[in-house]
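*Asks:* Provided below for reference: sequence and predicted model.
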Amino acid sequence: MKRPKILITTNIPSYVEWLGQIFKEGYEIIWEVPQNLSNIVIRNHPDLIIFIPGAANLNYLEELFSTYTNKPVFLIKQEAKSQEVAYAFRNGVADFLINPDQTQILDLVAKLLKKKEEHPKFSLAKSLQRLKTYFQLSKKLPQPNKLAQLNSSLHFNSLAIRNMELEAEEVDPTFSENALVEVKLMGKLEINIDGKKLTDLPGKKGQGLLGYLFYHYPRPIQREVLMETFWPKVASSSSRNSLNVALHGIRKTFEKFIPDSHILVYKNGAYSVNPEWELKIDVQCFLKYWKKAQAIERSTGTYSAISCYEKAISFYSDALLKNDLYSEWIQPERENLQETYIAILERLIDYRIEMQEYKIANHYGEQALRLDACREHIHMQMMLAHYKSGRRNQAIRQYQRCCEVLKEELNISPSTKTRELFEKIKNNHAL
């Protein structure tokens, strides 16, 4: 039986030796030092490629994908910035392992070889799920033996669950204009009851708990999950008491405004915000309009979906619960929502350029770059918008800005496509 051929491309010999021990049985291993592949004859035809950047920067991915077409590639690094992970996924890698153990590597290789006939395609949902974990790891790497446990729960982040729930619901996000309670989770927690802003919010823990329940509305959350989320290192009896105190504070706050109805419902060991209340929650509006836009675009095209895409971004005013800096559950959800927001902006920029509305296109571009300055594709879009609007000098400055931020943040150069666009702009070619 033919053994699967794995190409390891790295300039770090110790990694090759380590991986050789992992794959010592059942695989044929080839080692290749990163180099310019455009002028050499390819003699190796691997089934799978493992890229370990080391001194080589991530731009080498372009060489790999252009040379070894339709072959799955995954990366391994000891540590990584969130921008590096995002860049790798946007450029088509199958996965990105940070400080992995032997089991993770073998499991991923087996999975990719099983599907080797399918070239991995960029998936927003998959990258969001992956980035959830990797953004956390890039800030504080856990011990290797904990990574497998993290990976096993990778696909069950809250935003992914909410997306599945929303897909199962009617996509038309028609909320009552006279909603009893309007909740703003984007930015600082803000609650309006019957048109009046609630100023006497519960304490910091109560606000965190309230934000969590509103974010997951109408899904009930088990009491033990709330205890573990907000009091993770506290004895069970103490965390239960702390939870009861926080819930009592929430109830008291709302009783002043709505004395005849309870904000919280407890059933079968789980708490939820009262499903009978008329609620308008900005995160849900954002996600529902996004889902509706996608559904419209699939059925009738981009033009018909634009108003829903623009309605969606109108609900994204700031980072999710930005004043809560310490609750561990929030940061991955913040990143996921931000990724969705930027993806919508990219869509709108393309459309506005097509409509020759270049000023609006660049406005959307600036909004995206304020959140992630390393979005090379958005720099390209803005270069094109500036150039097509007759602002060639501004397009050149945009390219210089792109070069500077990629060098500073990722220590990489712009991609071939970006450089080619710059040359066309510099030489005044028609675009």
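*Replies:* Thanks, I have it. All values derive from a computational prediction rather than experimental measurement.
*Asks:* which stretches in this structure count as strands?
*Replies:* 5-9, 28-32, 48-51, 73-77, 95-98, 181-184, 190-193, 196-197, 221-222, 264-267, 270-273, 279-281 (DSSP state E).
*Asks:* of all these, which one is nearest residue 421?
*Replies:* Between residue 421 and these, the tightest spacing by CB to CB is seen for strand 73-77, at 24.7 Å. (Each C-beta comes from the backbone N, C-alpha and C, glycine too.)
*Asks:* name the helices or strands packed onto that closest one?
*Replies:* On a contact count with 3 or more CB pairs under 8 Å, 6 or more residues apart in numbering; DSSP states H and E, strand 73-77 meets strand 48-51, helix 60-67, strand 95-98, helix 102-114.
*Asks:* ranges for the helices of the stretch 251-400 of the chain?
*Replies:* Assigned by DSSP state H, counting those that start in this stretch, the stretch 251-400 of the chain shows helices spanning 282-300, 302-314, 330-354, 358-371, 376-388, 392-410.
*Asks:* check which residues of the third one are buried.
*Replies:* Spelled out, it's helix 330-354. By neighbour count with 16 or more other CB atoms under 10 Å, helix 330-354 contains the buried residues 330-342, 344-353.
*Asks:* over to stretch 83-100?
*Replies:* Buried, per 16+ other CB under 10 Å, within stretch 83-100: 83-89, 91-100.
*Asks:* still on that earlier bit, would you list the strands of the chain in JSON lines and tack on distance to residue 60?
*Replies:* Output for those, formatted as JSON lines (distance: least, CB to CB, whole Å):
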{"stretch": "strand 5-9", "distance to residue 60": "8"}
{"stretch": "strand 28-32", "distance to residue 60": "11"}
{"stretch": "strand 48-51", "distance to residue 60": "7"}
{"stretch": "strand 73-77", "distance to residue 60": "10"}
{"stretch": "strand 95-98", "distance to residue 60": "14"}
{"stretch": "strand 181-184", "distance to residue 60": "44"}
{"stretch": "strand 190-193", "distance to residue 60": "47"}
{"stretch": "strand 196-197", "distance to residue 60": "53"}
{"stretch": "strand 221-222", "distance to residue 60": "45"}
{"stretch": "strand 264-267", "distance to residue 60": "53"}
{"stretch": "strand 270-273", "distance to residue 60": "49"}
{"stretch": "strand 279-281", "distance to residue 60": "44"}
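*Asks:* most tightly packed of these?
*Replies:* Among the strands of the chain, strand 48-51 has the highest mean neighbour count (mean count of other CB atoms under 10 Å), at a mean of 24.
*Asks:* please save the CA atoms from that one in PDB.
*Replies:* Provided in PDB are the C-alpha atoms of strand 48-51 (Å, rounded to 0.1, in the frame of the first residue of the first chain):
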ATOM      1  CA  LEU A  48      -0.100  17.200   2.300                       C
ATOM      2  CA  ILE A  49       2.200  20.100   3.200                       C
ATOM      3  CA  ILE A  50       3.200  21.300   6.700                       C
ATOM      4  CA  PHE A  51       4.600  24.800   6.700                       C
END
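*Asks:* got a list of contacts for that strand?
*Replies:* For strand 48-51, the surrounding residues in contact (CB atoms under 8 Å, 6 or more residues apart in numbering) are 4-10, 19, 60-61, 64, 68, 71-76, 93, 109, 112-113, 116.
*Asks:* partner strands of that strand, parallel or antiparallel?
*Replies:* Paired with strand 48-51 in the same sheet, following DSSP bridges, are strand 5-9 (parallel), strand 73-77 (parallel).
*Asks:* how about the helices and strands packed on strand 73-77, which one is nearest residue 395?
*Replies:* Closest to residue 395 of the helices and strands packed on strand 73-77, according to CB to CB: helix 60-67, at 22.6 Å.
*Asks:* out of the helices and strands packed on strand 73-77, which is closest to residue 281?
*Replies:* Nearest to residue 281, of the helices and strands packed on strand 73-77 and by CB to CB, is strand 95-98 at 32.5 Å.
*Asks:* tell me which of the helices and strands packed on strand 73-77 sits nearest to residue 371.
*Replies:* strand 95-98 (20.5 Å).
*Asks:* so which elements touch that closest one?
*Replies:* Using 3+ CB pairs under 8 Å, 6+ apart, strand 95-98 sits against strand 73-77, helix 82-90, helix 102-114, helix 124-139.
*Asks:* which of the ones you listed comes out lowest on mean pLDDT?
*Replies:* Across the helices and strands packed on strand 95-98, helix 124-139 has the smallest mean pLDDT, namely a mean of 47.
*Asks:* and the closest residue in space to residue 417 that isn't next to it in sequence, how many neighbours does it have?
*Replies:* Sequence neighbours aside, residue 380 is the residue nearest to residue 417 in space, at 7.0 Å (criterion: CB to CB, 6 or more residues apart in numbering). Each residue near residue 380 was counted by other CB atoms under 10 Å, and the total is 22.
*Asks:* ditto for the one 3 residues further on
*Replies:* The local packing of residue 383 (other CB under 10 Å) involves 27 other residues.
*Asks:* then the one 5 residues further on?
*Replies:* Residue neighbour count, defined by other CB under 10 Å, stands at 15 for residue 388.
*Asks:* I'd say it and residue 361 touch.
*Replies:* No. Here residue 388 lies out of contact with residue 361, judged by CB atoms under 8 Å, at a distance of 9.1 Å.
*Asks:* can you pull the residues that touch both of these two?
*Replies:* Common contact partners of residue 388 and residue 361 (CB under 8 Å, 6+ apart): residue 353.
*Asks:* output the helices and strands packed on strand 73-77 in CSV, with distance to residue 226 appended to each entry.
*Replies:* CSV is the format used below for these (distance: least, CB to CB, whole Å):
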stretch, distance to residue 226
strand 48-51, 41
helix 60-67, 42
strand 95-98, 29
helix 102-114, 30
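*Asks:* of all those, which lies closest to residue 311?
*Replies:* strand 95-98 (33.2 Å).
*Asks:* dump the strands paired with strand 48-51 into CSV; add distance to residue 393 as well.
*Replies:* Shown next, in CSV, are the strands paired with strand 48-51 (distance: least, CB to CB, whole Å):
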stretch, distance to residue 393
strand 5-9, 40
strand 73-77, 37
